[in-house]
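1. quick one, what's the 3D model for this:
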Amino acid sequence: MKFRKKPVVIEARQWDGTAKCATTIIDWILKSGSRSARYHGPEEFGDCGSKKYSPPKIAIDTLEGTLTASPDDFIIQGVQGEFYPCKPDIFDITYEKVES
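-> All right, here's what the predicted structure looks like:
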């Protein structure tokens with residue numbers, strides 16, 4: 001059997017990777033009554049001159065566990081008020097902008 005996704009309107013915001021934008025997104029998530037969301041800035045790790053880079057991320061606690069958003073990901077508020085990250089290519093295939 002095949003199924004088509006029902007046309008529902010969701011709210012989403014794209015994260016540009018900055019701490020300022022992460023703060024705005026996290027405030028939006030927490031004000032909506034979600035469980036929790038945290039920003040983790042970029043980190044260096046390694047030793048003996050072999051430093052490596054860990055990019056920034058937003059950790060979002062969901063019913064399925066903690067999911068992480070990377071820069072350029074969309075954070076979606078679903079139909080039941082839940083939040084989760086979505087990769088830009090999947091978002092572009094799945095959603096289209098709705099005019100207010």
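2. quick one, strands of the chain?
-> Per DSSP state E, the chain carries strands over the ranges 11-14, 37-40, 43-45, 52-54, 57-62, 65-69, 74-77, 83-86.
3. comparing the ones you listed by mean pLDDT, which bottoms out?
-> Lowest mean pLDDT of the strands of the chain: strand 43-45, a mean of 71.
4. I'd like the average pLDDT over the longest helix that the chain contains.
-> The longest helix of the chain (DSSP state H) is helix 19-31. Averaging pLDDT along helix 19-31 gives 94.
5. just how off-centre is that helix within its chain?
-> 10 Å (C-alpha atoms, centre = their mean, to the nearest Å).
6. before we move on, back to that, could you dump the strands of the chain into a markdown table with mean neighbour count and distance to T24 added?
-> Using the backbone N, CA and C atoms, a C-beta is placed for each residue, glycine as well. Output for those, formatted as a markdown table (neighbours: other C-beta atoms under 10 Å; distance: least, C-beta to C-beta, whole Å):
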| stretch | mean neighbour count | distance to T24 |
| --- | --- | --- |
| strand 11-14 | 14 | 8 |
| strand 37-40 | 16 | 11 |
| strand 43-45 | 9 | 22 |
| strand 52-54 | 10 | 22 |
| strand 57-62 | 19 | 11 |
| strand 65-69 | 15 | 13 |
| strand 74-77 | 20 | 10 |
| strand 83-86 | 20 | 14 |
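7. okay, the longest helix of the chain in CSV with CA atoms only?
-> Output of helix 19-31 as CSV, limited to C-alpha atoms (Å, rounded to 0.1, in the frame of the first residue of the first chain):
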residue,chain,number,x,y,z
ALA,A,19,25.2,30.8,19.3
LYS,A,20,22.8,33.8,18.9
CYS,A,21,20.5,31.9,16.6
ALA,A,22,20.7,28.8,18.8
THR,A,23,19.6,30.9,21.8
THR,A,24,16.6,32.1,19.8
ILE,A,25,15.6,28.6,18.8
ILE,A,26,16.2,27.2,22.3
ASP,A,27,14.0,29.9,23.8
TRP,A,28,11.3,29.1,21.3
ILE,A,29,11.5,25.4,22.2
LEU,A,30,11.4,26.0,26.0
LYS,A,31,8.6,28.6,25.9
